[in-house]
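Fold the following for me, if possible:
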Amino acid sequence: NLVKTNLGAPVNSSTSDYSPVLTPDENTLVFMNSQRFFEAIMITKKIDGVWSTPVNINPQVRSDGDMKPTSLSFDGKELYLVKKDNTNSDIYVSNFDGTFWSAAVPLNKHINSRYNENFASITPDGKSLYFTSNRKGTHGGLDIFVSKKQSVGDWGPADNLGTVINTKLDEETPYISRDGKTLYFSSKGHFNIGGFDVFYST
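Numbers count the residues shown, from 1 in each chain. Prediction:
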């Protein structure tokens, strides 16, 4: 059974707090917070078992409220985000230098396309990036793709995970387990109750 516990203050506030992403050691949390005039990317760290006061990092990553976090690297130094405009969405990354987060930059053309890239999750070893896209060549709607990091350090060509995972309907929010052996994702396809259901594959 799943046990749900409200994180309480200072993480949760009187406005909406959503889209949380967590490092595998569960000590760094990035999430969205609805503020008066914009959507803020907040970060908090667990110190001696207690979450610190969240800090708004929009000015650091250069978000105008149009980005949301999708995953953190194992060491907590790479933050993957999705930036949306009226016609497209792309995946960006920001790097932490020990003090500040860098301005987020888009990933290369193996990842981003003229279509929508909606979510990205990096494996614990940092060598594979699972992401969703509705680019040409999908099996229908959004599919999950994977790209491997090349020897030069940039992301290589993306491969569709195929019909064991992807269906004629949308697949979204891929997440790789800490041991890198289980893929969790949501899907409108497969055999489900309705809408998006959560699935896993080993």
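
tell me the centre residue of the chain?
T70 (1.6 Å; CA atoms, centre = their mean).

quick one: contacts for that one?
For T70, the contact set (CB atoms under 8 Å, 6 or more residues apart in numbering) comprises S19, V21, Y80, L81, V82, I91, F119, A120, S121. C-beta coordinates here come from the backbone N, C-alpha and C atoms, glycine included.

Partner strands of the helix or strand hosting the last one and their direction?
Assigning secondary structure by DSSP states H and E places S121 in strand 117-122. According to DSSP bridges, the neighbouring strands of strand 117-122, each with its direction, are strand 128-133 (antiparallel).

What lies in contact with the partner strand?
Applying CB under 8 Å, 6+ apart, the external contacts of strand 128-133 come out as 80, 91, 107, 111, 113, 115-123, 142-149, 155, 158, 171-176, 183.

Next secondary structure after that strand?
strand 143-149.

and that next one, what other elements does it pack with?
strand 128-133, strand 155-160, strand 171-176 (3 or more CB pairs under 8 Å, 6 or more residues apart in numbering; DSSP states H and E).

Looking at stretch 99-119 now, give me its mean pLDDT.
Averaged across stretch 99-119, pLDDT comes to 96.

which parts of that stretch are buried?
W101, A104, L107, H110, I111, N112, N116, E117, N118, F119 (16 or more other CB atoms under 10 Å).

Name every strand pairing with the top strand by length along the chain and say which way it goes.
Longest strand in the chain by number of residues (criterion: DSSP state E): strand 39-47. Using DSSP bridges, the strands paired with strand 39-47 are strand 28-34 (antiparallel), strand 50-51 (antiparallel), strand 55-56 (antiparallel).

Not counting the second one itself, show me its contacts.
By CB under 8 Å, 6+ apart, the residues outside strand 50-51 that reach it are L7, P10, V11, L29, T44, K45.

hang on, the earlier thing: how far does the longest strand of the chain sit from its chain's centre?
Distance of strand 39-47 from the chain centroid (CA atoms, centre = their mean, to the nearest Å) equals 15 Å.

And it, what's buried?
Neighbour counts over strand 39-47 (16+ other CB under 10 Å) mark E39, A40, I41, M42, I43, T44, K46 as buried.

in the protein, which ranges drop under the pLDDT threshold?
Scanning the chain for pLDDT under 70 picks out no residues.

I'd like the distance from the residue of it positioned farthest from its centre to N27, if you could.
Distance from the C-alpha centroid of the chain, by CA atoms, centre = their mean, peaks at D48 (26.2 Å). Distance, D48 to N27, by CB to CB, to the nearest Å: 11 Å.

about what we covered before: out of the helices and strands packed on strand 143-149, deepest packed?
Stretch with highest mean neighbour count among the helices and strands packed on strand 143-149: strand 128-133 (a mean of 24; mean count of other CB atoms under 10 Å).
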